[in-house]
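Asks: Okay, predicted coordinates and the sequence, questions at the end:
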Amino acid sequence: MKCIKCGKRLKSGEKFCTYCGYYNDESEAKNWDETEETEEDLLDENWYDEEIDSKEDEETELEPVKQEKKKKEKKPKEEKPKKEKVKIEKTKKEKPVKEIKIKEDNEVYDQNERYIEAYIGEDYRLIKKRPFNIWAFLLNWMYLLYRKLYITGIIGLLITVIVALFLTKYFIIYFVITMIVLGFVFNQYYIYIVKRKVNNILKEYEGTDSFSLEKMCGEFGGVNIPIALIIYIVFLVVIVISIVKPTVNTSHNAKFWKENSENEANCLSLIKLIYQKSNSKSVNEALCKINKNNKNYDLYIKLNKNNKIVYEYYTTENDYIVYKNNTEFFDSLKKKKAENRITLEEEKNLNDMRMILNNYESIRKESEEEDKLIKTKRNKEEKLNYIFSHEEVIR
């Protein structure tokens, strides 16, 4: 059968021409005049069939050769992949397990390091690597407060205050030693404290995601400048007061110590002079008050006379000792006053005696207060009241 359009020979059953692509309908093919086929066409058709048969014969002859070649080629290909497969399977079984373990360990280690780094902040690498911290050396306990180590910082400041108050001579040595020790020890101590605090955070907030934990570590850690400054300023004020105040008091005492010693000596000499003139050995106590304005002395002698306590009052006028009065008849005049039998002169004398008693108690009280201030180094004014015992007077 031929193509209706181009006349090329078609295979049996073909409808589309392989040369021109024309569709050959069966009805048209039947009407085609088969007598038009020539011997050449038949020869061509036989040649086509012979060519196909010859190719098929060649393929059948070559099949055993090809199969042997395939066997030869397959043998080395099959042996090598088997060895390689075994190796691959071993590596797949062993290596991934090791890699997973290492990764898990590293993940835990990296997470802890990440939390520690978040807690410390930007200076993490410097604090971790360097053995000496220059800021801890220079700022001393202030740097611990800055790093939120409040307990250690406050304890250190309290020790510093104690040394400044009670061991003032060794304060500079203590301060230098503290600076050096903090400079060398701070980094290791701080890393140790941070690890403990991070572990506490991880235990307390167990189950929280890593991002939130890292954020919490950053909030708990870091630095705090305002609180550190407030605590350190209070510390400096205490140190300044503790160091400067004794110095001021010492200079103040030295300033008028000579005057005090002179006043005391003058008072005691005047009382001894009164004692010698009176020839009385029954003196119990003596008081002296210095009038700062006119530098006069008021002297009071307490003695036993006629089996009762009597107070005598003296004063200095123009470098002389002047006797003023005593309380020998105070009780009798008081009795007369109660019975309305007292005269005007006696009533005036009674009032003077009452004033002597009041002044005596007042001077005694003021002298005791002044002595307390001197012992505690808080005296601000010159001592003007003195008490002398019996032994001091008769010595």
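Replies: Okay, I see it. Numbering: from 1, shown residues only.
Asks: what helix or strand is the residue positioned nearest the centre of the chain on?
Replies: When C-alpha atoms, centre = their mean is applied to the chain, the residue found nearest the centroid is residue 148 (2.0 Å). Counting by DSSP states H and E, residue 148 is held by no secondary-structure element, helix or strand.
Asks: Please list all residues in contact with the spatially closest residue to it that is not a sequence neighbour.
Replies: Of all residues not flanking residue 148 in the chain, residue 224 sits nearest, at 5.5 Å (C-beta to C-beta, 6 or more residues apart in numbering). For glycine as for every other residue, the C-beta is placed from the backbone atoms N, C-alpha and C. With C-beta atoms under 8 Å, 6 or more residues apart in numbering as the criterion, the residues that contact residue 224 are 145-146, 148.
Asks: For residue 224, give its distance to residue 232.
Replies: Relative to residue 232, residue 224 is positioned 12 Å away (C-beta to C-beta, to the nearest Å).
Asks: shared neighbours of the two, anything?
Replies: The overlap between the contact sets of residue 224 and residue 232 (C-beta under 8 Å, 6+ apart) consists of residue 145.
Asks: Residue 367 against residue 374, yeah?
Replies: No. Under the contact definition of C-beta atoms under 8 Å, residue 367 does not touch residue 374, with a separation of 10.7 Å.
Asks: Between the two, which is the more surrounded one?
Replies: Using other C-beta atoms under 10 Å, the more surrounded residue of residue 367 and residue 374 is residue 367, with 18 against 15.
Asks: what secondary structure does that one sit in?
Replies: When the structure is split into helix, strand and coil by DSSP: H, G, I helix; E, B strand; the rest coil, residue 367 lands in helix.
Asks: Over to the one 4 residues further on?
Replies: Taken by three-state DSSP, the conformation at residue 371 corresponds to helix.
Asks: Let me know how buried it is, in neighbour terms.
Replies: For residue 371, the neighbour count with other C-beta under 10 Å is 15.
Asks: which residues does it contact?
Replies: The contact partners of residue 371, by C-beta under 8 Å, 6+ apart, come to residue 383.
Asks: Tabulate the contacts of residue 224 (CSV), appending distance to residue 117 and pLDDT.
Replies: As requested, the contacts of residue 224 are exported to CSV (distance: C-beta to C-beta, whole Å; pLDDT from 0 to 100):
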residue, distance to residue 117, pLDDT
145, 22, 92
146, 18, 93
148, 16, 92
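Asks: residues in contact with the residue nearest to the centre of the chain?
Replies: 221-224.
Asks: Walk me through the domains of this structure.
Replies: Recorded structural domains for the chain (assignment: automatic domain parsing) are 120-247, 256-394.
Asks: where in this protein is pLDDT low?
Replies: Residues of the chain that meet the criterion pLDDT under 70 lie in 1, 26-111, 242-259, 279-281.
Asks: all strands of it, in order?
Replies: 283-291, 296-305, 308-317, 320-326, 385-389 (DSSP state E).
Asks: quick one, which of these is nearest to residue 15?
Replies: strand 385-389 (148.0 Å; C-beta to C-beta).
Asks: What lies in contact with the closest one?
Replies: Residues external to strand 385-389 that are found in contact with it (C-beta under 8 Å, 6+ apart): 263-264, 267-268, 271, 285-290, 363-364, 366-368, 370.
Asks: which of these are buried?
Replies: For the contacts of strand 385-389, a burial check counting by 16 or more other C-beta atoms under 10 Å picks out 263, 267-268, 271, 285-290, 363-364, 366-367, 370.
Asks: Run through the residues that contact the closest residue to residue 290 other than its chain neighbours.
Replies: With sequence-adjacent residues excluded and distances taken as C-beta to C-beta, 6+ apart, residue 290 is closest to residue 384, at 4.6 Å. Contacts for residue 384 were tallied using C-beta under 8 Å, 6+ apart; they are 263, 289-290, 292, 366, 370.
Asks: Burial check on residue 270, number of neighbours?
Replies: By other C-beta under 10 Å, the residues close to residue 270 number 18.
Asks: Residue 153 too?
Replies: When counting by other C-beta under 10 Å, one arrives at 23 neighbours for residue 153.
Asks: Does it touch residue 141 like I think?
Replies: Yes. In terms of C-beta under 8 Å, residue 153 counts as a neighbour of residue 141; the distance is 5.0 Å.
Asks: Could you report the distance from residue 260 to residue 381?
Replies: Residue 260 sits at a distance of 10 Å from residue 381 (criterion: C-beta to C-beta).
Asks: Looking at those two, which is more packed in?
Replies: residue 260 (17 against 10).
Asks: now the closest residue to that one other than its chain neighbours: how far from residue 266?
Replies: The shortest distance from residue 260 to any residue other than its chain neighbours is 4.9 Å, reached at residue 383 (C-beta to C-beta, 6+ apart). In this structure, residue 383 and residue 266 are 12 Å apart, going by C-beta to C-beta.
Asks: Who has more neighbours out of those two?
Replies: Residue environment comparison for residue 383 versus residue 266 gives the larger neighbour count to residue 383, 20 against 16, counting by other C-beta under 10 Å.
Asks: so that one touches residue 369, yeah?
Replies: No. The pair residue 383 and residue 369 does not pass the contact test of C-beta under 8 Å, sitting 10.2 Å apart.
Asks: Please, where are all the helices along the stretch 101-250 of the chain?
Replies: Counting by DSSP state H, counting those that start in this stretch, the stretch 101-250 of the chain has helices at residues 124-129, 134-139, 141-146, 150-166, 171-204, 210-220, 225-278.
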